[in-house]
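In: here is my input; please provide its structure:
(one chain, ligands or ions: 2)
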Amino acid sequence: MVTETLSPAEKAHVLLEALPYIQKFAGKIVVIKYGGSSIEPDSGAIDPVILDIIWLKQVGLFPVVVHGGGKAITRLLERLGHQAQFVDGLRVTDETTLEAVEMVLGGLVNQQLVAAFNAGGCKAAGLTGVDGGLLSARQKTHPLGDLGRVGEVQAVNTDLIHALLQNGFLPVIAPLGSDEHGARYNINADSAAGAIAAALGAEKLILLTDVPGILKEGQVINQVSSDDVHSLIEDGTIAGGMVPKVEACLAGLAGGAKQVHILNGKDPHALLLEIFTERGVGTLVYEAK
Ligand SMILES: Nc1ncnc2c1ncn2[C@@H]1O[C@H](COP(=O)(O)OP(=O)(O)O)[C@@H](O)[C@H]1O
Ligand SMILES: CC(=O)N[C@@H](CCC(=O)OP(=O)(O)O)C(=O)O
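Out: Ligands and ions are numbered 1, 2, ... in the order given. The predicted structure follows:
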């Protein structure tokens with residue numbers, strides 16, 4: 001099924017209608033993957049999505065943010081004269097690349113986001129998947145070859161997340177992981193968000209990106225089953241960075257996240273419409289029975 005885009009007036013109307021239902025989500029965990037493509041270097045203004053996430057917290061939900069930063073990593077690598085290379089949306093990660101990934105994800109982007117949340121009046125705490133043993137990882141194998149220090153999540157320890165939530169903090173998580181020998185890994189942010197949402201049994205996993213959802217012939221697919229996702233990958237409709245995104249959706253669902261959505265992070269209020277309305281926006285991915 002394909003949806004039309006809502007006009008701003010329609011969106012405002014839907015939001016007003018949704019207000020009585022906000023209570024329904026009080027106390028529920030919502031994992032939000034803040035993309036990548038939506039993160040711009042210090043523009044001076046607080047992104048409306050950040051304000052929406054703060055608002056979710058203020059009305060009693062428990063948002064957990066997992067962020068990307070792929071474009072910022074590529075920019076740093078270019079400055080270092082190092083070529084970025086991707087296989088199926090995953091960055092081939094040699095030792096130099098891993099250093100850049102850790103600097104950008106664990107440092108720059110994480111702290112930019114934490115500062116923006118704090119400036120918006122929200123107590124945010126930045127951490128990476130290495131902290132508190134949050135993301136145990138091992139090297140990811142891929143049929144197309146050696147991706148280097150790309151990690152695949154093996155286990156999630158949610159203790160630190162729960163400790164932060166219980167103390168009123170908004171966790172802002174960079175997708176890095178480590179193994180039992182202390183080796184560190186670069187984990188795709190969508191995959192990290194899927195694994196964390198599954199481990200938390202999140203009410204929703206929302207992947208924010210730079211497109212309005214999964215597109216087919218230029219139109220947003222409103223709902224898609226796990227079976228259809230595989231066919232869309234096979235026929236090439238879903239490619240590049242959308243591949244790890246839909247795989248993260250399926251992992252989240254299989255692991256216990258209740259609802260999984262892909263939305264445009266640049267669409268004002270898309271996040272709130274998705275959570276608080278029945279019709280939703282973007283693409284809902286559901287498990288085929
Ligand atoms: N079927 C599809 N629908 C939407 N986007 C797609 C599709 N196939 C490939 N893509 C690409 O996936 C990109 C989103 O992945 P990515 O750039 O990794 O996002 P992010 O940085 O937000 O994680 C889109 O901008 C688009 O170029
Ligand atoms: C293994 C792998 O590809 N890791 C990603 C991690 C960041 C990320 O996923 O950022 P976006 O959400 O902005 O794409 C990378 O190095 O780019």
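In: so which residues of the chain form helices?
Out: Per DSSP state H, the chain carries helices over the ranges 8-18, 48-58, 70-79, 95-101, 110-119, 159-166, 189-200, 226-234, 242-255, 270-276.
In: and of these, who's closest to residue 174?
Out: helix 110-119 (4.7 Å; Cβ to Cβ). (Glycine included, C-beta is placed from N, CA and C.)
In: residues in contact with that closest one?
Out: With contacts defined as Cβ atoms under 8 Å, 6 or more residues apart in numbering, helix 110-119 is touched by 34, 39, 41-42, 46-47, 50, 53-54, 65, 67, 124-128, 170, 172, 174.
In: before we move on, back to that, give me whichever of the helices of the chain is most buried.
Out: helix 189-200 (a mean of 28; mean count of other Cβ atoms under 10 Å).
In: chain center to that helix: distance?
Out: 8 Å (Cα atoms, centre = their mean, to the nearest Å).
In: other SSEs contacting it?
Out: strand 29-34, strand 62-67, strand 135-139, strand 151-156, strand 204-209, helix 242-255 (3 or more Cβ pairs under 8 Å, 6 or more residues apart in numbering; DSSP states H and E).
In: residue farthest from the centroid of the protein?
Out: residue 81 (28.4 Å; Cα atoms, centre = their mean).
In: and this protein, which residues reach ligand 1?
Out: By Cβ under 6 Å from any ligand atom, the part of the chain that sits against ligand 1 consists of 35-37, 68, 70, 89, 190, 209-211, 214-215, 237-242, 245.
In: nearest to ligand 1: which residue in this protein?
Out: residue 241 (2.0 Å; Cβ to the nearest ligand atom).
In: list the contacts of the residue found closest to residue 270 once you drop the neighbours it is linked to in the chain.
Out: Computed as Cβ to Cβ, 6 or more residues apart in numbering, the closest residue to residue 270 that is not its neighbour in sequence is residue 263, at 4.7 Å. Contacts for residue 263 were tallied using Cβ under 8 Å, 6+ apart; they are 206, 207, 208, 209, 212, 213, 270, 271, 274, 281, 282, 283.
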